[in-house]
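> This is the structure alone, sequence omitted:
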Ligand code: THU
């Protein structure tokens, strides 16, 4: 399952919307939920978790990656991220890198109804990733 047509976008969107209800966002009041599916068809979710120190806020995608680890890992093939208005948002810069680690260039990101999903490679061109570590080592 790795083409856009086979991705259960409506399920991912519903799960992401449901995750916004679990968000802890007393400071920004921007609730965010994320849901992703792995190549094995497993669904993972996450919500943003803010902190009084502001800078330590965990984005919904960060929680989703933790959920992925919790289920034993896997390769993400599609992710939907929505805000409290239930409309898709694109991931922040840090989260693009987090998602790249677990989905790579081919990861599909929900761009909303009537729009084709975005490839992560379009959102994070020329990403630095795990393969670079081997190539760039001194010895
Ligand atoms: N937020 C996310 O959860 N994911 C993003 O990709 C963008 C921003 C959250 C962080 C913070 O709790 C709130 O949205 C406002 O920035």
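Sure, I can see it. What you are looking at is a predicted structure, and each value in this text was computed from that prediction instead of being measured.

> May I see the buried residues of the helix or strand hosting residue 45?
For residue 45, the host element (DSSP states H and E) is strand 43-47. By neighbour count with 16 or more other Cβ atoms under 10 Å, strand 43-47 contains the buried residues 44-47. (Each C-beta comes from the backbone N, C-alpha and C, glycine too.)

> what helices or strands is the following helix or strand past it leaning on?
Going down the chain from strand 43-47, the next helix or strand is helix 60-70, by DSSP H and E. Other helices and strands packing on helix 60-70, by 3 or more Cβ pairs under 8 Å, 6 or more residues apart in numbering; DSSP states H and E, are strand 32-38, strand 43-47, strand 76-83, helix 93-103.

> Export these as TSV, with columns for mean pLDDT.
Formatted as TSV, the helices and strands packed on helix 60-70 follow (pLDDT from 0 to 100):
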stretch	mean pLDDT
strand 32-38	98
strand 43-47	98
strand 76-83	98
helix 93-103	98
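
> Same list (these) but as JSON lines, adding distance to the ligand.
What follows is the helices and strands packed on helix 60-70, written out as JSON lines (distance: least, Cβ to the nearest ligand atom, whole Å):
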{"stretch": "strand 32-38", "distance to the ligand": "3"}
{"stretch": "strand 43-47", "distance to the ligand": "8"}
{"stretch": "strand 76-83", "distance to the ligand": "6"}
{"stretch": "helix 93-103", "distance to the ligand": "5"}
